[in-house]
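Q: model this:
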Amino acid sequence: MPGTFMDLIVQIIRWAQRRANAPRIAAHPNPYGVRIASDIPYMDDGLDAHRLDVYSPAGAKGPLPVILEVHGGGYLACFKEVNAWHGQYLAAGGFHVVNMNYTLCPEGSASSILNEMAAALDWIHRNRETYGFDTGRIALTGDSAGGHFVLLAAAAYGPGPLAGELGVIRPRVLPRAFAASCPEGSFMWRRLPRNLPSTLLFFILHKYTLDRKCASVTSYDHYMDEDFPKVWFCTSPTDPLLYGHTRAMHEYMEKNRIPHEYREYVGTENRLGHVFNVLWPDWPESRQANDDMLDYFRRSLN
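A: Numbers count the residues shown, from 1 in each chain. The predicted structure follows:
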């Protein structure tokens, strides 16, 4: 497929996501009354892709644990403001939340994005006194594609071989807890659920952004082993995009006795779509999911 045609498709997807999310972002600038510091560079190159926001509980005193939030967007699109409402909800639960941008694919890659996440963690370390970050208690969370990057970070920042395979430089401070909302986990054909309409879209678009070697190395059945840290992740049976993918990863982990916490949420007042708890954190079902995530972070970091 000609690169110029795919480039056009990617630009259309990015434009459509910005247009679709703009009203929701404008409607919820700071619903939980947290302190906000916006558009801070975490790398000194002037790029918007290397900026982050910090959300802190109002009146916070003393060092607090930190959550680094990594947005989704199908690897190809999206930006940190889409996750602002969710990050602010988590911050109101007693955490500093650092919500980062990164270089989207195909300009970026799994390797470069994991290194950008490491750079954001290094920024947290350098600025621990300024913001009151407790760098001994750091967690990562991401949704969809961002959830995939969080799962990869759980392996790449640990003792296993994934860092070397992807060329990842480990950060100076290491996260101790990892959570993913409706995550993707593999682009290998053997791991794609055959009954989802999204499979063909993934197969076309993401073969464009990930070469075959990278798709294999970043598949969960490659890096999840006995050294993989315990992670928390969630989905909903009514997620039309990734439910089959996320559940398949859970079943793989169960079969191979890889410790994890897995949650499925069913809507009672709302139909839960993809990354429901990130886009609509005030729904009762989303509150339950996000409170369960916060409970996991507290148990893991204390």
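Q: tell me the contacts of Val97?
A: Going by C-beta atoms under 8 Å, 6 or more residues apart in numbering, Val97 touches 54-56, 66-69, 87-88, 90-91. Using the backbone N, CA and C atoms, a C-beta is placed for each residue, glycine as well.
Q: between those, which is closest to Leu166?
A: Distance to Leu166 across these (C-beta to C-beta) is lowest for Leu68, with 18.3 Å.
Q: Check which residues of the helix or strand hosting the closest one are buried.
A: Per DSSP states H and E: Leu68 is located in strand 64-70. By neighbour count with 16 or more other C-beta atoms under 10 Å, strand 64-70 contains the buried residues 64-70.
Q: Identify the residues contacting it?
A: Under the contact criterion C-beta under 8 Å, 6+ apart, strand 64-70 has outside partners 56-57, 80, 83, 86-87, 90-91, 94-100, 102, 117, 120-121, 124, 132-135, 137-143, 146-147, 149-150, 175, 297, 301.
Q: Now tell me what touches the helix or strand just after that strand from outside.
A: Later in the chain than strand 64-70, the nearest helix or strand by DSSP H and E is helix 84-92. With contact meaning C-beta under 8 Å, 6+ apart, helix 84-92 is reached by 24-25, 28-34, 36, 53, 55-57, 67, 69, 97, 99, 141, 143, 277-279, 281-282, 290, 293-294.
Q: Which positions within the helix ranked longest in the chain qualify as buried?
A: Using DSSP state H, we find that the single longest helix of the chain is helix 3-27. Residues of helix 3-27 classed as buried: 6, 10, 13-14, 17, 21 (neighbour count, 16+ other C-beta under 10 Å).
Q: now swap in stretch 130-138 and tell me
A: 131, 133-135, 137-138.
Q: which one is Phe233 nearest to, not counting chain neighbours?
A: What sits nearest to Phe233 in space, not counting adjacent residues and going by C-beta to C-beta, 6 or more residues apart in numbering, is Ala180, at 4.1 Å.
Q: which residues in the stretch 51-200 of the chain form helices?
A: With DSSP state H, counting those that start in this stretch as the criterion, the stretch 51-200 of the chain has helices at 84-92, 110-126, 128-131, 145-156, 162-166, 198-209.
Q: could I get the shortest one in CSV with only the CA atoms?
A: Put plainly, it is helix 128-131. The C-alpha trace of helix 128-131 is given here as CSV (Å, rounded to 0.1, in the frame of the first residue of the first chain):
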residue,chain,number,x,y,z
ARG,A,128,10.7,15.6,42.8
GLU,A,129,11.4,18.4,45.3
THR,A,130,9.6,21.1,43.1
TYR,A,131,6.3,19.1,42.9
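Q: So which residues make contact with it?
A: Residues from elsewhere that reach helix 128-131, judged by C-beta under 8 Å, 6+ apart: 37, 54, 56, 63, 96, 134-135.
Q: quick one on the thing from earlier: let me know the closest of the buried residues of strand 64-70 to Trp232.
A: Nearest to Trp232, judged by C-beta to C-beta, of the buried residues of strand 64-70 is Ile67 at 12.3 Å.
Q: Show me the beta-bridge partners of the closest one.
A: For Ile67, the beta-bridge partners are Val97, Ala139 (DSSP bridges).
Q: if I look at it, how far off is Ile258?
A: Distance, Ile67 to Ile258, using C-beta to C-beta, to the nearest Å: 23 Å.
Q: cool, Trp123 as well?
A: Taking C-beta to C-beta, one finds Trp123 at 31 Å from Ile258.
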